[in-house]
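K.L.:
Below: sequence and its predicted model.
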Amino acid sequence: GQNIDQPTEMTATEGAIVQINCTYQTSGFNGLFWYQQHAGEAPTFLSYNVLDGLEEKGRFSSFLSRSKGYSYLLLKELQMKDSASYLCAVIRAGTALIFGKGTTLSVSS
Amino acid sequence: GAVVSQHPSRVICKSGTSVKIECRSLDFQATTMFWYRQFPKQSLMLMATSNEGSKATYEQGVEKDKFLINHASLTLSTLTVTSAHPEDSSFYICSAREGRGFSYNEQFFGPGTRLTVL
C-alpha cells in the first residue's frame, strides 16, 4: 500500500527556521518531491531527492533517508509569503506521483 | 519553458450535465499526463494516468465511465466529467511529463480547474 505522513499544521515566526517532516511507506520508490501550494493554485516544484543526503537550494533544503523512509524540508529565514501548504510526494515505479496530505504552514510577524 | 495550461479555470454547471476540461503542454511534448483531484483542505489525489495514444489507467475507486480521459495528441489531454453531481465539485489539476519509463522527469502542473456543480 501507499502511506505518506506529514504533520497537518505548523506555525512559525518571520525570520525563523522550520523543518517539515515526511515519512513514507510505498510500493516502489523512484524519488521524493516537495511542492509548495498556495490556496486555490496548483503546486509549484521545490525540490527532488532520489539519493540519500541533503539538497540545498537557497532558503530551502530537503533531506532524504531511503533506509528510514524519511524526508524533511527545511525553510530558513522565513517570510510571510512562505505561508502555504507544503506537499511531500513520492514518485513510485510506474512514474505516478503519490502525495501526502500536506502541511499547512502559517508564518506570523 | 515547460508550461502547462488548463481550460477552463472555473466552471459552474447544473447537476446532470457533462463538463470537459482541457490540459495542454504548451512548449513540450507530453507523453504522459496525470489527472488529480483535490477537495478543500485535502491533498491531491491521483485519478488517472494517460499515455498518448493509449487508454488511461485509473486509480482504484475512480469510475472510468464517469471520468472520461482522452490523450489524443502529445500536447492535449481532456477530462470529461459525465453527468456531474454536486459531490464532483472539486479542484481538478493536470500535470504533464515528457519522458517514459522509470527515469526521473519532472512533472509540470497546470493551474487547475475549479468545478462547481449546482
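P.N.:
Received, thanks.
K.L.:
Show me which positions of the helix or strand bottoming out on mean pLDDT in chain A end up buried.
P.N.:
Least confident element among the helices and strands of chain A, by mean pLDDT, DSSP states H and E: strand A:97-99 (a mean of 87). Using 16 or more other C-beta atoms under 10 Å in any protein chain shown as the test for burial, strand A:97-99 gives A:Leu97, A:Ile98, A:Phe99. For the C-beta atoms, the positions are set from N, CA and C on the backbone; glycine is no exception.
K.L.:
just to confirm, which helix or strand has the most centrally placed residue in chain B in it?
P.N.:
Geometric centre of chain B, nearest residue: B:Trp35, 3.3 Å, by C-alpha atoms, centre = their mean. Assigned by DSSP states H and E, B:Trp35 falls within strand B:32-38.
K.L.:
Could you find the closest non-adjacent residue to residue 109?
P.N.:
Since you didn't name a chain, this refers to chain A. Nearest residue to A:Ser109, sequence neighbours excluded (C-beta to C-beta, 6 or more residues apart in numbering or on different chains): A:Glu14, at 5.3 Å.
K.L.:
wrong one, chain B
P.N.:
A:Ala42 (4.2 Å).
K.L.:
count of neighbours near the one you found?
P.N.:
Per other C-beta atoms under 10 Å in any protein chain shown, the neighbour tally for A:Ala42 reads 21.
K.L.:
wait, isn't it in contact with B:Gly110?
P.N.:
Yes: in this structure, A:Ala42 is within contact of B:Gly110 by C-beta atoms under 8 Å, at 6.1 Å.
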